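Trainee: A predicted structure for the sequence below; I have some questions about it.
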Amino acid sequence: MKISRRSLFKSSGVAAGSLALGPAGTLAKEAVAASPALRARHGGGVTTLERTLKRGKPNKKGWRALVAKPGQRHVVRDGLGVPGQPGRATRRSPLVSFVQMTDVHVVDAQSPARLEAGEAVSGSASRPQETMAAHVAEAMVRELNEIGAGPVTGRPFDLAIQTGDNSDNSQWNEIRWNIDVLDGEVVTPDSGDPSRYEGVQDDDPAFYDEVFWHPHGTPEGLRKDLYRRKYGFPTVPGLLDKVRQPFQATGLAFPWYAAFGNHDQLAQGNFPHPAANLRSPTGTLKNTSKGIRTVTADPNRRFVSRSEWVAEHFTTSGLPEGHGFTQSNLDADTGYYYFDEGSVRFVAMDTVNEHGGDDGSMGQTQFTWLKDLLVATTDKVVILYSHHASWTMDNDRVGPDGEPGPRVLGEELVAELLKHDHVIAWVNGHTHDNNVRAHVRDGGGGGFWEINTVSHIDWPQQSRVIEVVDNEDGTLSIFTTMVDHAAKLKMPKKFDTPVQLAALSRLLAANDPGVARENGTRGPGQSAGRKKDRNVELLVAAPAFMA
């Protein structure tokens with residue numbers, strides 16, 4: 001794997017730009033430095049250490065362009081009561097370097113089993129950029145391959161993890177597109193009639209609804225949609241044909257592993273199969289606000305069970321086979337596993353409640369497995385990953401089928417993890433926000449960090465690089481660095497490539513006025529989080545076995 005020379009020499013500059021937090025873990029002052037190599041366009045392996053993207057001021061029509069701003073250096077956080085020791089930048093040695101990709105939401109935007117008819121009241125049933133989710137994933141793969149290594153240590157990426165909601169509606173074609181993008185196969189993000197788009201964004205006057213963005217324009221005699229009329233969204237003739245064209249994916253240049261999200265198992269991320277309140281995804285009838293629409297049937301839209309979703313990861317040209325899942329998962333119909341990467345043990349948890357609901361929890365069988373695994377792990381640093389964050393694990397639903405309750409909720413899981421000094425981090429998604437939290441043991445004495453990361457589908461469409469280093473002084477540092485995908489900032493003049501379509505998707509996401517996701521209604525500019533939730537150095541005590 002090619003590693004840029006810049007990556008190998010970056011760590012000393014990063015350390016010099018880091019600032020410590022106060023005794024209580026509060027930010028002492030902003031740790032933002034001018035980019036050492038600000039670039040006019042994205043590409044060439046740029047992380048947010050060198051350049052950040054911001055939403056510009058709205059024009060007269062309300063549309064915001066994206067602008068390049070100086071990079072953000074790592075903010076040092078000592079919220080676990082573990083102080084940073086002087087000189088650690090000259091002593092540290094890397095343990096692992098990996099990438100987190102989360103909430104990719106590869107969408108079949110034409111599926112009959114969607115609830116777009118509720119957009120007028122929810123603001124979250126449809127996104128203007130949904131037809132380009134696979135293209136965003138491709139643009140992210142290209143950028144991660146170009147970066148190739150951790151920006152602090154220069155260690156080539158050991159692996160990537162996907163932390164759930166890799167598909168949007170638990171459909172076979174969606175998870176297949178996701179796998180094929182990461183594997184580097186030919187991807188055709190289309191369903192139903194291969195000759196035309198059949199969904200809420202087209203310009204069929206019988207089903208035209210102004211609450212959706214219609215990129216091709218307004219049918220004669222009807223009013224311009226709200227996106228173009230009120231928020232300055234563009235008209236892009238031919239877009240709905242462009243987004244459905246096949247493309248050759250690049251494929252990740254390193255192994256990748258998958259975790260299970262609520263949108264991967266549950267219809268619309270909420271409903272067990274079959275969902276009585278949804279149309280059949282393989283059928284011909286689609287609910288709209290203007291009535292029932294007839295669309296082209298497609299068997300590839302079929303809902304998949306957890307076992308079928310897991311099994312699909314064995315049909316792959318990427319590494320490793322199964323992408324973390326093993327024959328044991330297939331035999332027992334489970335979605336959790338672990339693997340070792342050098343001195344680090346990665347533990348994938350399944351936090352989806354099979355009884356329904358978008359928030360998560362854990363079954364008792366998995367909880368017992370996890371506790372036994374943590375006790376049996378005596379010589380590895382442990383990093384856990386899952387879809388749900390601890391504060392979104394409040395779903396205690398049980399039902400007549402599946403494993404009985406009580407379900408394990410976030411507070412109980414955190415309490416268990418705090419019993420083990422070799423647990424240093426829990427990496428997750430679901431919220432579509434950046435949020436890094438310290439979990440401290442009662443009475444002080446260390447704990448672990450919870451690293452919650454934004455989605456690919458909503459602004460700012462980022463991934464997170466995570467590097468763990470041994471400071472050789474009784475402490476470890478976890479460096480996290482945000483990454484923007486490979487698309488340019490400006491509106492493309494053409495839309496012939498996946499990266500051009502990803503550029504449009506990011507602009508649409510940055511301007512989406514109806515971002516109402518799991519944590520409530522808010523504007524699209526808030527998802528990126530605070531500075532101390534993005535590029536950070538997280539100090540944690542080294543486990544006893546490393547003494």
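Mentor: Thanks, I have the structure now. Numbering: from 1, shown residues only.
Trainee: C-alpha only now, for contacts and for neighbours.
Mentor: OK.
Trainee: So what's the residue count around residue 298?
Mentor: Residues within reach of residue 298, counting by other Cα atoms under 10 Å, total 17.
Trainee: What are the phi and psi values at it?
Mentor: When quoted as degrees, to the nearest 10, the phi and psi of residue 298 stand at phi -150, psi 110.
Trainee: Settle this for me: it is touching residue 173, isn't it.
Mentor: No: taking Cα atoms under 8 Å as the definition, residue 298 is not a contact partner of residue 173, at 9.7 Å.
Trainee: Let me know the pLDDT of residue 405.
Mentor: With respect to pLDDT, residue 405 scores 76.
Trainee: quick one: low-confidence parts of the stretch 351-500 of the chain?
Mentor: Counting by pLDDT under 70, the stretch 351-500 of the chain contains no low-confidence segment.
Trainee: So which residues of it form strands?
Mentor: Remark: strands of the stretch 351-500 of the chain, listed N- to C-terminal, are 381-385, 423-428, 435-440, 447-452, 462-470, 475-484; assignment by DSSP state E, counting those that start in this stretch.
Trainee: Residue 131 is nearest to which of those strands?
Mentor: When the strands of the stretch 351-500 of the chain are ranked by proximity to residue 131, the top entry is strand 462-470, at 17.7 Å, counting by Cα to Cα.
Trainee: What strands flank the closest one, and is each parallel or antiparallel?
Mentor: Strand 462-470 has the following strand partners under DSSP bridges: strand 93-101 (antiparallel), strand 475-484 (antiparallel).
Trainee: ok, how many other residues are close to residue 332?
Mentor: Applying other Cα under 10 Å, we find 9 residues neighbouring residue 332.
Trainee: Kindly apply the preceding question to residue 195 instead.
Mentor: 10.
Trainee: wait, doesn't residue 251 sit right on residue 179?
Mentor: No: with contacts counted by Cα under 8 Å, residue 251 stays clear of residue 179, the gap being 9.3 Å.
Trainee: Tell me which of the two has more neighbours.
Mentor: Neighbours of residue 251 and residue 179, each counted by other Cα under 10 Å, are more numerous for residue 179; the result is 24 against 19.
Trainee: element containing the more buried one?
Mentor: Assigned by DSSP states H and E, residue 179 belongs to helix 172-183.
Trainee: Report all helices and strands that that helix contacts.
Mentor: Applying 3 or more Cα pairs under 8 Å, 6 or more residues apart in numbering; DSSP states H and E, one finds that helix 172-183 makes contact with helix 133-147, strand 186-187, helix 306-312.
Trainee: contacts for the first one?
Mentor: Read it as helix 133-147. Residues outside helix 133-147 that contact it (Cα atoms under 8 Å, 6 or more residues apart in numbering) are 3-4, 7, 43-47, 104-107, 177-178, 181-182, 189, 249-253, 456-457, 461-463, 483-487, 498-499, 501-502, 505.
Trainee: What residues does the residue nearest the centre of the chain make contact with?
Mentor: Using Cα atoms, centre = their mean, the residue of the chain that lies closest to the mean C-alpha position is residue 102, 1.8 Å off. With Cα under 8 Å, 6+ apart as the criterion, the residues that contact residue 102 are 162-166, 387, 428-430, 453-456, 463.
Trainee: ditto for residue 547
Mentor: residue 474.
Trainee: In PyMOL, select just the buried ones from the contacts of residue 102.
Mentor: The command below creates a PyMOL selection of those among the contacts of residue 102 that count as buried (16 or more other Cα atoms under 10 Å):
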select buried, resi 162+163+164+165+166+387+428+429+430+453+454+455+456+463
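Trainee: that older thread, relative to residue 466, how far out is the residue nearest to the centre of the chain?
Mentor: In this structure, residue 102 lies at 13 Å from residue 466, with Cα to Cα, to the nearest Å as the measure.
Trainee: hmm, back to that, would you convert the strands of the stretch 351-500 of the chain into JSON lines that also reports distance to residue 544?
Mentor: Putting the strands of the stretch 351-500 of the chain into JSON lines (distance: least, Cα to Cα, whole Å) gives the following:
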{"stretch": "strand 381-385", "distance to residue 544": "10"}
{"stretch": "strand 423-428", "distance to residue 544": "11"}
{"stretch": "strand 435-440", "distance to residue 544": "17"}
{"stretch": "strand 447-452", "distance to residue 544": "13"}
{"stretch": "strand 462-470", "distance to residue 544": "13"}
{"stretch": "strand 475-484", "distance to residue 544": "11"}
